[in-house]
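K.L.:
prediction below, plus the sequence it came from.
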Amino acid sequence: MNAKRWVASCSLLAAVGCQASEGSGTGAPGTNSPTAGATSGGGTGGASTGTPPAFEPLGGPAPIACDPATKGLAGRRIWRLTRAQYERSVSALLGDMSHPAADFNPEPGSAQGFQNDAFALRVRGAEATQFQAAAHKLAQQAAAGDLSRISACAATSLDDACATTLVKDFGRRAFRRPLSEAEQTRYLALFTLGKAKRDAKLGLEVLVEAMLQSPNFLYRSELGAAAANGSVALTDHERAALLSYTFVGGAPDAELAALADAGTLSPENLEKQARRLLQTPEARPALWELYRQLFEVISLENAPKDAAIFPDFEATRGALEASAKAFTEHVLFDGDARLGSLMTGTQAFVNQQLAPFFGLTATGSELMLVTQPGGEHPGLLGHPAVLSVLAARTRTSPVNRGRFVRQRLLCQQIPDPPANVDTQLPALTPGLSARQQLDAKTSGAPCVTCHSQMNPIGFGFERLDGIGRYRADENGQPIDDSGALSGTRDVDGPFQGLPALAAKLAGSAQVQECVALQGFRYVMGRPESAADACSVVSIRDRFVNSGLDLKELYVSIALSESFGSRKAD
Amino acid sequence: MSLLSKSLLSRRDALRAAGATAALAAFARQFRSAAAAPGTAPKRLIVFWTPNGVVQPRFWPTGDGVNFSLTDTLKALTPHRDALTFVKNVTYSGTGDHKTGQPFSTSGFISDNAGVSIDQEIAQATKQQSLVLCGQSKNENRRGFISFDKSGAWVTPIRSPKSAYESVFGPIGSVPGAPAAPGRDAELEAKLLDSVLADIDDVKKRLPQSELVKMDDHLSAILELKKSVGAPGAMPVKCDSVDGNAFAGDPDYQTRVKLHLDLMAACIACDARRIFSFMAAPAGGDATSFGFLGVSGGDFHNDIAHGSPGDPAKEEMMHKVDLWHVSQLAYLIERLKSIPEAGGTAFDNTVILWTTECSQGNHGHQNIPVVLAGNAGGALKSGQLLSAGVKYENLLISLGHALGHPLTSFGLAGSGPLSEVLA
């Protein structure tokens, strides 16, 4: 374990710390990896969990440095599609928009808080059944629908010659690469069998159904071809798929596919394609997904809120998420795409329901772009969608808000409270502020060791209530929103209120590096290791030199060595 | 009219319509559990799991041995009293919390991913497919699940009733008892899966060692699917005694739980599955809403549960949740009792293990609620309150014995079956 990841002096107390909360989860979302903390089990056959990739965390107060001695690449792998990627892939193949993955098991998630972890995404019994049922239904619908979607000839004459073409063309699109001779023969035989059993349409149905269940469709390949000098370059088809799923969340379009087929996906072409994809409408939801997971908006749907205290909240969950998404996409695609704008921007998207969150009034259900007069909600950090998730059921949570800043924006880790400590806060005592009561609960040993790293940051958020609305006082009591940062590279010291905190964080080199690192973790779908340091440094430097342009961050990840090369076995 | 009784009628209608003796024989083969001779009915295990303990002082029956009386909390189980075994003074290993209690409750290990759970152990040993369900499985939930395979990996429970139904019976709306569509016979279904297996094999050859596990997982899952193609007891099971439409949609928590209980009963009626694991919701900080119980001011179990010892208002709310959990268990028993089998009912051949991960809402591993319902075809004693305390792993071993899998060890410290429990 790299001690750098831990907040100074907190790490030693990992086993005895404590983390007061009030009902809502205080940890990062999506950490229920089926393999998290896996120990060697019985190992008596059947499925096994394998060994997760090493996590040697980079980031924290010391700048990440490129050490040629430890420089390396991650191993070759396959990467199962997430539910969203599955749906986008299916819709590109068949035009199906019915959300076939709606009933699929959720992604298991990773310890780093992202849902696309390549190691944890598996096909076990339940998933195989779900993919099977979906493939069956989709293939049936496809065979009964417009066959020209599958292959031009299929709509006019679905004969054996057409089937040969169809296997090649549809297979190429489904597998994101040309099929081998052997594969073509095998799939054609499946068509022929279906045709013999009933008719050519049944042949087409089972063909599509088999391809949709094939690992060549369900997993993206990062296996590369021949190794040279200890490294394996991904094939053009693999790099095209990696690029496309990264930038638009789905399989390569015709232009990108053609470059891969022609073997002309040079680094220059790759960069050009990355920039082209960023201009497409599909890039918006694809990039939003990183920030949705990084800022934990993914937990908004299920964040527990007391209906007696926040009676209107239930009805606003959907609109709140849409507003956070609109703001982020606006900054990234309609604005200057700067990290500073994402962190401190004072614009907001509101409708009648949401305007009161920002101290405004509006009419209608359509989201409108407005400027906050008081600027109390800086950027995505100050958005009520984020602040609601980072608060408790009945009140704010300075602990969770402080934890978020440490973990997600400064790339430092706070250990979980020990299992057998009661982390529940007592009911609020009238006359005492939440701040005073939290201090009372956590100021003694051993709690204070870690809480002193979280609470002072979280106290700076106190003017935003349990669902992220600005408040001038706390039940008539004045609010103390003075806070302090400590143990950071470059932003230690006191601050007053959330706008000041957001501005400090946006200007911090540690935060800028951390955002680059989080982008790396998400795009690569894995935790980093020391071997990635040189790639992360190149990504960080390009990002910083671009003036902290978040679209350039994505491009720089795609251009890094870790992106397109793998370690030879 | 209940789902099953309605469809039992329609099955009789179908039989009448079929007319011919040959058709009758075919149906009789398909519904072998309903037709089984006394003493030959298959045995079933259901793990019925609820989170966050109970209100301890209001839970346990009074008395001892065969002379015990149910408390108000347990009133809904009154008609089934003589089929119940309450196991008092069970202490789980671990640190008294959710995180260690949850895996211990089914595997006898105090961490996730450490060892196999009893349902999967028995399923594998008796060569049965299991059905693993949950009412709630939150994405952000940091607690685990309760079923582990032989390697200790989680068997992810299915939350969607539709998905769960289709995993057993095939797509909703498919014609029961017939091929899914003309031409889709067993040969075609098998060749289709062979194609998937061939692709898995190809990918496997190209993988580095560290990635093999993914294709091995996938391979086992497809082989499992293939086993059932065209075989007796095939999957998808063709069974007309269950109406798939009842499982469509995306229902609320309360309805979802009911549908999962209905589905387990349907699987038993059709002998489609014999081993079940049902987790009502994960333990700990998961936010399951109990607003439908009129629980107000604190809609969430974790808040209520944590506050319940010593806070009368919260205890009352926790009690309401306890009552609901008990009513769900009673409902499941009633469903099983409504299925005629071997001169009695399917419940006679079933054992349900009800447990949780903590003794009460604010943690603790002493006096964990442990209840057995049913005697698995006479293999277990029932109608008793055991107060002396037993080693919990040995209770799990006893379930293995009852289901025809005479385990000698299990979990960290299991050593053999309990004579107090085995008949």
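P.N.:
Good, I have the coordinates.
K.L.:
let me know the helix or strand that the nearest residue to B:H260 once chain neighbours are set aside is in.
P.N.:
What sits nearest to B:H260 in space, not counting adjacent residues and going by Cβ to Cβ, 6 or more residues apart in numbering or on different chains, is B:L133, at 4.7 Å. In short, each C-beta sits where N, CA and C put it, glycine included. Per DSSP states H and E, B:L133 falls inside strand B:130-134.
K.L.:
again with B:L225
P.N.:
helix B:212-227.
K.L.:
so which elements touch that helix?
P.N.:
If contacts are counted by 3 or more Cβ pairs under 8 Å, 6 or more residues apart in numbering or on different chains; DSSP states H and E, helix B:212-227 sits against strand A:77-80, helix A:125-144, helix B:186-206.
K.L.:
tabulate those (TSV), appending mean neighbour count and mean pLDDT.
P.N.:
Compiled in TSV, the helices and strands packed on helix B:212-227 are given as follows (neighbours: other Cβ atoms under 10 Å in any protein chain shown; pLDDT from 0 to 100):
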stretch	mean neighbour count	mean pLDDT
strand A:77-80	22	97
helix A:125-144	22	91
helix B:186-206	18	95
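K.L.:
picking up where we left off before, got the angle between the strand holding B:L133 and helix A:125-144?
P.N.:
When axes from the mean of the first three to the mean of the last three Cα atoms, to 10 degrees is applied, the directions of strand B:130-134 and helix A:125-144 differ by 90 degrees.
K.L.:
I'd guessed A:L243 sits against A:D253; true?
P.N.:
No: A:L243 is beyond contact range of A:D253, at 10.9 Å (criterion: Cβ atoms under 8 Å).
K.L.:
which of these two has more neighbours?
P.N.:
Relative neighbour count places A:L243 above the other of A:L243 and A:D253, with 22 against 17, counting by other Cβ atoms under 10 Å in any protein chain shown.
K.L.:
please, which helix or strand holds that one?
P.N.:
Short version, using DSSP H and E: A:L243 is in helix A:236-248.
K.L.:
and the next helix or strand past that helix?
P.N.:
helix A:254-262.
K.L.:
ok, B:S419 to B:A388 distance?
P.N.:
As judged by Cβ to Cβ, to the nearest Å, B:S419 and B:A388 stand 12 Å apart.
K.L.:
who's in contact with the nearest residue to B:K226 once chain neighbours are set aside?
P.N.:
Excluding the flanking residues, the one nearest B:K226 by Cβ to Cβ, 6+ apart is B:L193, at 4.6 Å. Under the criterion of Cβ atoms under 8 Å, 6 or more residues apart in numbering or on different chains, the neighbours of B:L193 are B:I222, B:L225, B:K226, B:V229.
K.L.:
list only buried entries from those residues.
P.N.:
With burial judged by 16 or more other Cβ atoms under 10 Å in any protein chain shown, the buried subset of the contacts of B:L193 is B:I222, B:L225, B:K226, B:V229.
K.L.:
I figured the third one was touching B:L192, is that so?
P.N.:
The reference is to B:K226. No: assessed by Cβ under 8 Å, B:K226 is found out of contact with B:L192, at 9.5 Å.
K.L.:
that older thread, pLDDT for the contacts of B:L193 - can I get that in JSON lines?
P.N.:
Formatted as JSON lines, the contacts of B:L193 follow (pLDDT from 0 to 100):
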{"residue": "B:I222", "pLDDT": "94"}
{"residue": "B:L225", "pLDDT": "86"}
{"residue": "B:K226", "pLDDT": "88"}
{"residue": "B:V229", "pLDDT": "78"}
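K.L.:
any idea how far the closest residue to B:L386 other than its chain neighbours lies from chain A?
P.N.:
Of all residues not flanking B:L386 in the chain, B:V87 sits nearest, at 5.0 Å (Cβ to Cβ, 6+ apart). For B:V87, the distance to chain A equals 24 Å [Cβ to the nearest Cβ, to the nearest Å].
K.L.:
could you pull out the helices in the stretch 301-423 of chain B for me?
P.N.:
Per DSSP state H, counting those that start in this stretch, the stretch 301-423 of chain B carries helices over the ranges B:301-307, B:312-337, B:392-402.
K.L.:
nearest to B:S210, out of the ones you listed?
P.N.:
In terms of Cβ to Cβ, the element of the helices of the stretch 301-423 of chain B nearest to B:S210 is helix B:392-402, at 33.4 Å.
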